[in-house]
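1. Sequence first, then the predicted structure:
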Amino acid sequence: MSNVLNRRAVVAQETRRTRRGRSLMVVQVAGELLITLGVIAVLFVAWQLWWTNVEADAAQESAVKQFVQQHQAPIPDAAAAPAPAAPVDPANVPVASAPAHGAAIGVIYIPRFGETYSRPIIEGTSRDVIDTLGLGRYAGTAMPGAVGNFVMAGHRQTHGAVLDNIHTLVPGDKIYVQTADGFYTYVFRNQEIVLPDRTDVIAPVPTQPGVAPDQRLLTLTSCNPRFGSEERIIAYSVFDSWQPLSAGPPAAIAQQLAALQGKA
Amino acid sequence: MYLWIFRHLPGPLWVRILLSAGLLAGAVFLLFDVVFPWLADVTNLTDVTVG
């Protein structure tokens, strides 16, 4: 009799123990999964803010080098007096035809963003272009030098952060675009912050869709605020001058281009 | 869970430590190369174009 009672007590105790063990295990696994989720969230931030820049910077640097080395421009002797810029006949500014999606159009230089700032300009604004190669031209907008609006998009943060400093542009800042034909100089005019659905900013005459353009504009679009995408920051520049590749680069970017071409 | 995986890895302790490091590296690579780009794509956290 007492034996049976004892056995029952032992069995009950064992069941209790395994039940407790099982619920402990569930809590432990759930806890580990939650910690894992937390670590993954931190990793995602690290990937977004750091790794995408590492990848994109490398891809963009090699794209810039490839372009400038394929389209060599003579670098003027630093000691020699800079050649006076020939007056540009606006009718003679060459305008290339749009390349295929993902192909290089040229290189942009913005001294305001740093002495060594150069980024590739690629056709298209889909993620495969702007996530790795930098500035993407909106298909259907004007090409460099053309009358109308030459519009590009680039990341403010992450993926190379190509337009991180877009808010630091000051009216009068020069923006240089090098293509297979030559160097186009634009002068920054103004910027505005709009909502993401304002497609009229890429119209030939920005904010006035349907109006025929008579100016040559260069427009940059990026996200705003710097770490968000609730708005878009738009920077407008106006065409200033053009010189062929054979005339060499504008003096402001000569040193930088020499380094990129591998002659410094 | 992780303890269970560690216990079921073959070999002596140092082999299991190496294997764990390898598994961890593989998981991070998978996240960086596949999961995070996909996540960025579906969330629109970094859109820069108008329209």
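-> Received, thanks.
2. top helix in chain A by residue count?
-> Using DSSP state H to define each element, chain A has its longest helix at helix A:2-46.
3. Next: chain B.
-> Under DSSP H, chain B gives helix B:13-30 as its longest helix.
4. Now the following helix or strand past it: buried residues?
-> Toward the C-terminus, helix B:13-30 is succeeded by helix B:36-43 as the next helix or strand (DSSP states H and E). Buried residues in helix B:36-43, defined by neighbour count with 16 or more other C-beta atoms under 10 Å in any protein chain shown: B:Phe36, B:Ala40. The way it works is simple: take the backbone N, C-alpha and C, and place the C-beta from them, glycine included.
5. which outside residues touch helix B:36-43?
-> Helix B:36-43 has contacts (C-beta atoms under 8 Å, 6 or more residues apart in numbering or on different chains) with A:Leu43, A:Phe44, A:Trp47, A:Gln48, A:Arg127, A:Asp131, B:Thr46.
6. Give me the nearest residue to the first one, chain neighbours excluded.
-> This means A:Leu43. Ranked by C-beta to C-beta, 6 or more residues apart in numbering or on different chains and with sequence neighbours excluded, the top spatial neighbour of A:Leu43 is B:Leu31, at 5.9 Å.
7. excluding its backbone neighbours, what's nearest A:Pro244?
-> A:Gly182 (4.2 Å).
8. Does the one you found touch A:Ser241 like I think?
-> No - between A:Gly182 and A:Ser241 there is no contact under C-beta atoms under 8 Å: 10.2 Å.
9. Next SSE downstream of the longest helix of chain A?
-> helix A:52-70.
10. per-residue confidence averaged over the following helix or strand past that next one?
-> Where DSSP H and E defines the elements, the next helix or strand beyond helix A:52-70 is strand A:104-109. Strand A:104-109 shows a mean pLDDT of 94 in the predicted model.
11. Next SSE downstream of strand A:104-109?
-> strand A:118-123.
12. so how far is the least confident helix or strand in chain A by mean pLDDT off the chain centroid?
-> The helix or strand of chain A with the poorest confidence is helix A:2-46; it has a mean of 83 (mean pLDDT, DSSP states H and E). From the chain centre to the centre of helix A:2-46 is a distance of 49 Å (C-alpha atoms, centre = their mean, to the nearest Å).
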